[in-house]
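1. Take this sequence and fold it.
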Amino acid sequence: MKSKGSISIYLAIVFLSIVLLVCTIAEAARVSAIQSKDKAITMMAADSVIAGYAKQVYDDYGILLVWNKDSLDETISKYIQANIKMADIEVSGNDFLMSDLQEVSVNKKVYATDNGGDAFVKQVSEYLKYAGLTSAIDKIMSNSKEVKEEDLTTNVAEDITDKSYDKLSSLVEEINSLVKVLSNINELSRLNKSVNELIEGKSEKWNKADKKVLKEVFKQLDKVKKYVLEKESNINKAINKIESYLEKKSNLLKKNGYEKSAKDYMDENLSVLKKIKDKIINMKEFEFASSISGNPNETKDAEKFIRLSMQFEELCRDLQVAKITQKDKENKSIFDSAKDFLDKGILSLVIKDTSNLSTASVNTSSLPSQTSKSKSLESSSLYDKAAVGVYSNLYFGNYLDSKKKNALKYGLEYLVAGKDSDKSNLSSVVTRLVAIRHVPNYACIMKDATKQSEISAIAASIAAVTGLPFLEPIAKVILTECWVLAESANDVKILLNGEKLSLVKTESNWKTSLRNLGGGNSKGDGSGFKYEVYLGLLITLTDRDDVVYRTMDLIQMNICKNYNKEFKMNKGLMSFKSTVSFESAPLFTAMPWTIGMLNESGSYKFEMECNNGY
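-> From the prediction side, this is the model:
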């Protein structure tokens, strides 16, 4: 019996061990299967999230992103739960691989607008590779090295419209008017001549202080004195105005970096007028009595006064008045036309009829460029701008090829300017194109001896007409810049007519004249680039992050207009990383040696990580 009992115990222990071994193996296999299933469920859920891309964005712009009102963890949880429960599929029997979702933790989310839109640009680059447009990117990058932007238009406008010059010119006109009156001494000359003839014709009686002759001379000298005193007021005015002119001139010379001591005929006139004023003071001392005594002193006083009067006349003849020729007047009109040319505004110089421009405008306050701006983590700034420029040319309009269904018809201009209306964006682009054209045009005109000679002649006339000699070098700069501006504006007009324009300016393809700044030849060069290419070059000169965000602005605006008003690019998910926690109750064993695998609730806990995106 003892032997049989031992065998039974032995067999029971062996059987129990076998059962436990089988259960452990089965549980281990079950746990492994649960982990595989949970991993598959997690990956399917992540793929389901990515599969829920914004269809309209992809169809219209080839960009994949997820846009959902629900949070990402809620969306993942929904898909996982649906997979755990096998969705709507009815399954009979027990599920030995059942596990419960505990938590979805999103560790990282990358939206389209994050990090300067790096993820967005990556998709754009991949799209262009697929479309075979990488050569277009290389071409823009190569041409961008030859383009420089130098915005001098504002400075030129300020130089030309400087009110100080206008005020000074007006002051010179007033002075010249006074000097012209003072230098007109025909009456004084007649009186002096009359006195001299009287004295010379009757010298014997004069020497003897003949009362009759002396009385007649005194009568004439009294007229001279009255004439001189009548001039005193204008002389004082002229002196004051010239002193004011010289002070203003000195300040302007200092402001423009010229010698403050630069003299002109106004300095000479001031010296002459002061001498004339001294003569008047001396002449005031003489009184010519109505009764003549015939005293020799009266004759001497008359002679002194006559000498003063003759000196007064001579000094008046020394006064200088600007002599202006007909040619000077014609040249002055050219300069005035140049000032009027600038006052028109650059857009009106390029487009005569602005009534046909798009009037579309948008509210930019909720766009990515205003709400989600951050810096790129990449270093390929020029490549990114060129790529986005090529991409945008596929989907957005411009002045020559507007997109009527888009919120802004001139999308490419918006990439450059970022304004809230088509007209403002076009105006900004035109201004920047003029600035780009300034560099080759300025280099060309400075090397052209014929044009420089023409500019110098007109500048000399400006100095003569205005009476401001020190303005001649300034006028040359102004005229040069005006002519360059006119040529640059004409270049842009050519581009907006759909014609080609060379990057290099030469004498042979110069199209404007200084006498008709607004009437240049608007025929293209035959070789070079069209407006769209120049827009692409402007994009490469714009800040990289601005270009990228403005591209996303356009996508958001158009999706909101055509499909969903609530769409936001800063909620457009492009990739994510998450951790999902599962729990599963033990089924085949809960022996002490398996307890270490369990958590405090007595169940298995699994964590799955997934990293997914476009």
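2. Flag the shaky bits of the stretch 1-150 of the chain, pLDDT-wise.
-> Along the stretch 1-150 of the chain, the model assigns pLDDT under 70 to residues 1-5, 86-96, 150.
3. same thing but at 50, please
-> Filtered on pLDDT under 50, the stretch 1-150 of the chain yields the residue ranges 89, 92-93.
4. Which residue ranges of it form strands?
-> 100-111 (DSSP state E, counting those that start in this stretch).
5. So Ala46 sits against Asn612, correct?
-> Yes: using CB atoms under 8 Å, Ala46 is in contact with Asn612, at 4.2 Å. (Glycine included, C-beta is placed from N, CA and C.)
6. which neighbours do the two share?
-> With contacts defined as CB atoms under 8 Å, 6 or more residues apart in numbering, the residues shared by Ala46 and Asn612 are Phe576.
7. more crowded one of these two?
-> The residue with more neighbours, out of Ala46 and Asn612, is Ala46; 22 against 17, by other CB atoms under 10 Å.
8. Name all residues that make contact with that one.
-> 76, 576, 578, 610, 612.
9. and with 6 Å instead?
-> By CB atoms under 6 Å, 6 or more residues apart in numbering, Ala46 lies in contact with 610, 612.
10. what's the spacing between it and Asp60?
-> 26 Å (CB to CB, to the nearest Å).
11. Neighbours of the nearest residue to Ala457 once chain neighbours are set aside, how many?
-> Among residues not flanking Ala457 along the chain, Asn331 sits closest, at 6.8 Å (CB to CB, 6 or more residues apart in numbering). Neighbourhood size, Asn331 [other CB under 10 Å]: 24.
12. Enumerate every residue touching Ser358.
-> Counting by CB under 6 Å, 6+ apart, Ser358 has contacts 409, 422.
13. how about the helices in the stretch 101-250 of the chain?
-> Counting by DSSP state H, counting those that start in this stretch, the stretch 101-250 of the chain has helices at residues 118-130, 134-144, 153-160, 163-183, 186-201, 203-207, 211-255.
14. Check what contacts stretch 545-561 and list those residues.
-> Under CB under 6 Å, 6+ apart, the answer for stretch 545-561 is 56, 61, 116-117, 121, 362, 367-369, 385, 388, 392, 396, 406-407, 411, 414-415, 418, 539, 567, 569.
15. which of the residues in that stretch are buried?
-> Using 16 or more other CB atoms under 10 Å as the test for burial, stretch 545-561 gives 545-560.
16. What of stretch 188-200?
-> 188, 191-192, 195, 198-199.
17. And these, which is closest to Asn236?
-> Leu188 (18.0 Å; CB to CB).
18. isn't the closest one right next to Glu313, touching?
-> Yes: with contacts counted by CB atoms under 6 Å, Leu188 reaches Glu313, the gap being 5.4 Å.
19. quick one: the longest helix anywhere in the chain to chain centroid distance?
-> Of all segments of type helix in the chain, defined using DSSP state H, the longest is helix 2-51. Counting by CA atoms, centre = their mean, to the nearest Å, helix 2-51 is centred 73 Å from the centre of its parent chain.
20. any idea how far the residue lying closest to Lys568 once chain neighbours are set aside lies from Lys571?
-> Leaving aside its sequence neighbours, Lys568 sits nearest to Gln556 (CB to CB, 6+ apart; 6.6 Å). Using CB to CB, we find Gln556 at a distance of 10 Å from Lys571.
21. again with Thr450
-> On the measure of CB to CB, Thr450 and Lys571 end up 62 Å apart.
22. do Asp553 as well
-> 14 Å.
23. With Ser17 instead?
-> For Ser17 relative to Lys571 (CB to CB), the value is 59 Å.
24. For the two, indicate the residue with more neighbours.
-> Lys571 (18 against 10).
25. Now that one, what are its backbone angles?
-> phi -110, psi 10 (degrees, to the nearest 10).
26. Ser337 is in what secondary structure piece?
-> helix 326-343 (DSSP states H and E).
27. mind listing the strands for the stretch 501-614 of the chain?
-> Using DSSP E, counting those that start in this stretch, strands in the stretch 501-614 of the chain cover 573-584, 604-613.
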